[in-house]
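K.L.:
Need the 3D shape of this:
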Amino acid sequence: MRLTATAALAIGIVAVTAPEAGAHGGKPTQEQGRAVQTFADDFLHDLCGIDTTTTMTQHFHVTTFPDGSQLVHETRTFVSADPRVPIEKGAGTSHWSPDGIQTVTGTPIHLISEQGTMLLDAGRVTFADELDVRGPHPSLFVPSLAPYYCPWLN
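P.N.:
Numbers count the residues shown, from 1 in each chain. Prediction:
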């Protein structure tokens, strides 16, 4: 799933930019940037059976605190070269606690087609021993995302 790829990119950004805990005299450190990447979209190939490229544009701001916790603010847009595929937008904040628990707030997935919003995940999700979901996150509970990403297959 593209969200997984984006999370991996965000985690990579965090890993690259994160100083050792306690660095900078106990003050938080901050990094920000923008990434634009075009790639062969394996997610759409596997889900919809199409070969296409997708361009992802991402803006991020990472704050690392002396205790090792982090805040990552991120906006991203996925635009497929295939015009049948809805545009995917996402915006949110991830908080990683010092013990590695991640809480995401915002709208991680917002699929927009010519007909309007196809899918909207919004609210808060905490990834710990048990998944804690607040707000509508239909992408977490459907058997397949194909009806949303590949509406022409319906």
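
K.L.:
Helices of this protein, residue ranges please.
P.N.:
Using DSSP state H, the helices of the chain run over residues 2-17, 42-48, 146-149.

K.L.:
Give me the residues contacting stretch 123-141.
P.N.:
Here stretch 123-141 makes contact (C-beta atoms under 8 Å, 6 or more residues apart in numbering) with 3, 101-105, 108-109, 119-122, 145, 148. (Each C-beta comes from the backbone N, C-alpha and C, glycine too.)

K.L.:
In it, which of the residues would be classed as buried?
P.N.:
Buried residues in stretch 123-141, counted by 16 or more other C-beta atoms under 10 Å: 123-126, 137, 139.

K.L.:
With respect to Gly26, which of these is nearest?
P.N.:
Relative to Gly26, the closest of the buried residues of stretch 123-141 is Thr126; by C-beta to C-beta it sits at 26.9 Å.

K.L.:
any idea how far the closest one is from His110?
P.N.:
Distance, Thr126 to His110, by C-beta to C-beta, to the nearest Å: 20 Å.

K.L.:
Using pLDDT, spot the least trustworthy of the contacts of stretch 123-141.
P.N.:
Ranked by pLDDT, these bottom out at Leu3, which has 50.

K.L.:
isn't Val79 right up against Thr55?
P.N.:
Yes: here Val79 reaches Thr55: they are 5.2 Å apart, a contact under C-beta atoms under 8 Å.
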